[in-house]
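Undergrad: I'll drop the sequence and a predicted model, then ask my questions.
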Number of protein chains: 2
Amino acid sequence: MAPMASEPSVLKGTAFADLVLQGPEPPSLWNDLAGILRKAFHWRGADKRFTLSMCIMSILQGLFPILNWWKSYSLKFFQNDLMAGLTLTSLSIPQSIGYATLAKLDPQYGLYTSVVPPLVYAVMGTSREMAIGPVAIVSLLLSSMIQKIVDPAVDPVSYRKMVFTVTFLTGVFQFAFGLFRLGFLVDFLSHAAIVGFMGGAAIVIGLQQLKGLLGLGHFTNSTDVVSVTKAVWVSVHETWHPENVFIGCSFFMFILAMRFIGRKNKKLCWVSAIAPVLSVALSTLVVYVTRADKHGVNIIQNVNSGINASSVNQIDLKKGYVAESAKIALICAVIALTEAFAVGRSFSAINGYRLDGNKEMVAMGFMNIAGSLSSCYVATGSFSRTAVNFAAGCKTTVSNIVMAATVMVALELLTKLLYYTPVSILASIVLSALPGLINVQEVCFLWKVDKMDFLTCVGSFLGVLFGSVEIGLSVALGVSFAKIIIQSIRPRVQILGRLPGTDVFCSIKQYPVVCQTPTLLTIRIETSFLCFINASFIREKIIGRVTEKREAFRSVVLDMSNVVNMDTSGIAALEELHKELVFLGIQMAIASPGWQATHKMKVARLVDGVGEGWFFLTVGEAVEACLANKASIALEC
Amino acid sequence: MAPMASEPSVLKGTAFADLVLQGPEPPSLWNDLAGILRKAFHWRGADKRFTLSMCIMSILQGLFPILNWWKSYSLKFFQNDLMAGLTLTSLSIPQSIGYATLAKLDPQYGLYTSVVPPLVYAVMGTSREMAIGPVAIVSLLLSSMIQKIVDPAVDPVSYRKMVFTVTFLTGVFQFAFGLFRLGFLVDFLSHAAIVGFMGGAAIVIGLQQLKGLLGLGHFTNSTDVVSVTKAVWVSVHETWHPENVFIGCSFFMFILAMRFIGRKNKKLCWVSAIAPVLSVALSTLVVYVTRADKHGVNIIQNVNSGINASSVNQIDLKKGYVAESAKIALICAVIALTEAFAVGRSFSAINGYRLDGNKEMVAMGFMNIAGSLSSCYVATGSFSRTAVNFAAGCKTTVSNIVMAATVMVALELLTKLLYYTPVSILASIVLSALPGLINVQEVCFLWKVDKMDFLTCVGSFLGVLFGSVEIGLSVALGVSFAKIIIQSIRPRVQILGRLPGTDVFCSIKQYPVVCQTPTLLTIRIETSFLCFINASFIREKIIGRVTEKREAFRSVVLDMSNVVNMDTSGIAALEELHKELVFLGIQMAIASPGWQATHKMKVARLVDGVGEGWFFLTVGEAVEACLANKASIALEC
């Protein structure tokens, strides 16, 4: 392309004009890829000169944060952790049993999951307060997705086998995310999407509890509102036992009342923590004494005693089977990490320390792999239990060890006592944990601040409620990404003016006090990536502005300070724009493009086309060069 | 949230600091939607005060650009257009017949498509040079997608019915795109993707021609390289007639030679235009004289004479049927528009006028609707014929009318003469049009300038070649959108420094001459949309930079001039960043955020959290306020 522009003479005076085109070259594709790989495998601190033993110690300290603080661990700390751990256990045992039924597993699997994963996390995790174990959302996810492949009512052995395989793969995914620093995958679910998803899932979980609460025999496997309501309607007309509802509801009221007391009086916060276990004990006693199980009250019956058995031989990595499991595991891995990060971050912020996302993912992955080999299903950080742990004054992850030990004891000695526990009490315990998942205040905030985020939230909420868990997630992902694309498609083009008495150029829309020069149009392109999807739109917008009053403008200054990068369509659009402006007899100048954009313009010879002298470091310089070049009357205000 | 920051006292001195937070409010969601709708239905020029007749005239002139220039049309112009039209016809007739066979229709349908659509376009289109008619890519698209539903060899009537329905819907889509100003849909296929797609499609079309060239009876319906090669291999071992190859190849050479002559000598450019029709005439004569059809040369045989019949009753808008057709029509509509725009824009740029994208879409839509009612299939602007039209000196769209009229005459009188035309000659005419679709030079340019664009190109090329047309398009779309998402996921965070002796702050990476203030970190966030996908990454990057040398920094200035908009995750990340900085005893200041971002920060009460006094119009002001506030020693260089 032949240079079409004469070089403006004023330029020689400005000191920095020639800097613009001397930016660094971007790394080549291969350097870029190699850099990413090197980063992925690079362990922090390993780049200094180390002896081998120091290197190993550094890696071990990276993997096991417990090595950093165990030496300074004191008896005072242990007292706190012990109390916190015991309080935690009293909430953990009933919740674990309840979530196990939500996951369509026998109650003991919930308890198993409160043993191994907390132990692993205690030595590997970086959060001090997080309470590990089964949680409601993941239990629902697992059961709703796996039962589409294997029906737990028909073939519980195969169902369990798949649960362990999915748990194993969930761990593998989480471990890989941490190792390869793919933490950004967790960001794919925006905060707004999660608020909606959690709210929808809470309602779905609540509806699932109707089975236990009403003592229904048959129930639907679907999770959407319509199917569940229909199933309840049909079942209620057949057989149901009001005794179940009575026990469930009265203890539900009891738990809520205790929580209210705990919230009113900070000193009595342990009351709300032990309410569930108290309810279990009381209701079991009542049923045992009155033999209510003979009058229609559903009871848990046998719970296997003894601690976790090995489940190594139940993990099945056959082809085809693995593909199905991996799909479920990927969703579980992301959701479990999302919940754990939300929990961990909100408490680490209170205590003023930072969570290391990659280390957390490695720890979570390892704990789920270990769990899957010892009859546990997917565990993660639970919000309600972490709050109790924090309120009870835990200092370190030792409270998790205390809890695991206590649950182990319970597994050995107390499972027999659960025989007469009514099923409806588990439903009421799960129900009582749900209000914390529905965040109406946040939804109002979203509506007020960002309508698109509100839409994402409502979309995923309705998706979960009326479709399924996967539909809800897909809607959330779809709307979130559509938001980014929409933002890229129609970037704004702002007309700039000079702030009186300064060299600062601002948007005339944002700052109406600025003045424009009559013969000159200064335009800022407000996108960081000038690409195929917006390049021709921007070109048309600029040409539209220029031709609105055709005779008026003699120069156009493009402020490209926002344009970090561009693709070949962006370059083509600028080229075409330049040609059109030349055709109209208008000079084009480009101010402060990003270095990647500059490099591409150089390689594509656009710089030669426009003329090297028409690239400037600041809008001010560009404006002065244009005014000097055209010798137009300086009508500056 | 309680205000955590003390107000810096220096601010009172700067005149514009309080402007930052007084930006305009963004329009509400409903205003925004209403604005889009109003724009969609607003016809240009209709907003001034008009009498009814002037208004109608303005709308008519908008719809029919011919009304703008017919008064100034002169005999000289007509002479040029007549010559161009006749030259065009000589290329149009053989190409139309060839493309009709590619679309698996009888030869006359190609000729029909060169009659009605050009006539409609002549009165409605804004391009002066574009030659309208059937084109190779769209013919391939139609046949490859429709034959999956109806086999043209088994049921040609149903196949034709579907072709007309698809053509009708293509027109409807194009018309709607123009009416609702959805021209950006055409941008979804990036230039790089189209280069790859065209190249792949050209090879696929070339392979399809082997059937005609080798005179094969049976052939595969698949379009991918592997199936076609296999089919050719099998067929060649069964029955083929070298006479076909001989005729086809010799005339192919003849056409190429003529084109070479035309290119070498500009005055003889008509030679290359009439070479195809000459080949048809010569080969037909040869076959007729030698009766070669009795020795295995495949001939066209009967071609129905007479101009276009009505096909109104062949358009079937039954439910289900329409859904299938609409899917194909949408792809055809976008590809046809993409090709027409590429053709139109490259020639309008040479002649120095601008195409109105929306009017073009309305014209194309109307011409295809009219075409579908008169036995035509999808027509669009053809590159090879437009080039001939331009080279032959056309002035206006009248050359299209001349061509349509001549083709009409040919349909009435000359179809009988096509009886003995060998099929292989059509294959060689289609083949001779393909090199123009393969743009190796552009691929090299993509590789040099933008590796991601190169990847898009190669992806769609391989997708078409080894998969199918739809797979190629999906790959192209997928890679293109992935590019935008990737660009959003990992935005850069640039450390800024002051350009010595000025108030200009630039990236230290781009301009190594700048100096940094030791106690102060100035960081630019290089994304135009701070959202869920990049907010926590940016927060971590900034915290990482700050804690690299913990004791050094007392203030952090965030240059948010690039951040046009943010969502609630972006706000949350900034809030968290502010809390973490407060915890580290570091003051945070924000410089020149975009007005949408400012508005959201105000609504979300982030402005109150950071402190109103810590928002600045320029980085320079922010830096000075920070330095004054902390009374740090001014170590400016």
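TA: Happy to help now that I have it.
Undergrad: can I get the helix or strand hosting residue A:624 in PDB? Just the C-alpha atoms.
TA: For residue A:624, the element it lies in under DSSP states H and E is helix A:619-630. Only the C-alpha atoms of helix A:619-630 are listed here, as PDB (Å, rounded to 0.1, in the frame of the first residue of the first chain):
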ATOM      1  CA  VAL A 619      -5.100  13.100  22.000                       C
ATOM      2  CA  GLY A 620      -3.700  16.600  22.700                       C
ATOM      3  CA  GLU A 621      -0.700  16.100  20.400                       C
ATOM      4  CA  ALA A 622      -2.900  14.600  17.700                       C
ATOM      5  CA  VAL A 623      -5.300  17.500  17.800                       C
ATOM      6  CA  GLU A 624      -2.500  20.100  17.700                       C
ATOM      7  CA  ALA A 625      -0.800  18.300  14.700                       C
ATOM      8  CA  CYS A 626      -4.200  18.300  12.900                       C
ATOM      9  CA  LEU A 627      -4.800  21.900  13.600                       C
ATOM     10  CA  ALA A 628      -1.300  22.900  12.500                       C
ATOM     11  CA  ASN A 629      -1.500  20.800   9.400                       C
ATOM     12  CA  LYS A 630      -4.700  22.100   8.000                       C
END
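Undergrad: packing partners of that helix?
TA: Packing partners of helix A:619-630 (3 or more Cβ pairs under 8 Å, 6 or more residues apart in numbering or on different chains; DSSP states H and E): strand A:492-498, strand A:505-507, strand A:520-526, strand A:555-559, strand A:587-591. All C-beta spots, glycine's among them, are computed from the backbone N, C-alpha and C.
Undergrad: determine the set of other helices and strands touching the one helix or strand residue A:276 maps to.
TA: Using DSSP H and E, residue A:276 sits within helix A:269-290. Contacts defined by 3+ Cβ pairs under 8 Å, 6+ apart place helix A:269-290 against helix A:75-102, helix A:242-264, helix A:383-391, helix A:423-433.
Undergrad: out of these, deepest packed?
TA: helix A:423-433 (a mean of 27; mean count of other Cβ atoms under 10 Å in any protein chain shown).
Undergrad: ok, for residue A:499, nearest residue in space, not its chain neighbours?
TA: Excluding its sequence neighbours, the residue lying closest to residue A:499 (Cβ to Cβ, 6 or more residues apart in numbering or on different chains) is residue A:514, at 5.3 Å.
Undergrad: so where's chain A uncertain?
TA: Scanning chain A for pLDDT under 70 picks out A:1-18, A:23, A:26-29, A:32-50, A:550-551, A:630-637.
Undergrad: flag every residue of the stretch 301-450 of chain A that's near chain B.
TA: Neighbours of chain B within the stretch 301-450 of chain A, by Cβ under 8 Å from any Cβ of the partner chain: A:345, A:349, A:352, A:354, A:357, A:445, A:446, A:448, A:449, A:450.
Undergrad: and which of these is nearest residue B:251?
TA: Closest to residue B:251 out of these is residue A:450 (64.8 Å), distances taken as Cβ to Cβ.
Undergrad: that closest one is in contact with residue B:568, isn't it?
TA: Yes: judged on Cβ atoms under 8 Å, residue A:450 makes contact with residue B:568 at a distance of 5.1 Å.
Undergrad: okay, now the domains of chain A?
TA: As assigned by automatic domain parsing, chain A contains the domains A:74-190+A:244-440, A:490-630.
Undergrad: between these, which gets nearest to residue A:51?
TA: Closest approach to residue A:51 among those is made by domain A:74-190+A:244-440 (23.5 Å; Cβ to Cβ).
Undergrad: ok, which stretches of chain A are strands?
TA: With DSSP state E, the ranges of strands along chain A come out as A:132-133, A:380-381, A:492-498, A:505-507, A:520-526, A:529-530, A:555-559, A:565-566, A:587-591, A:615-616.
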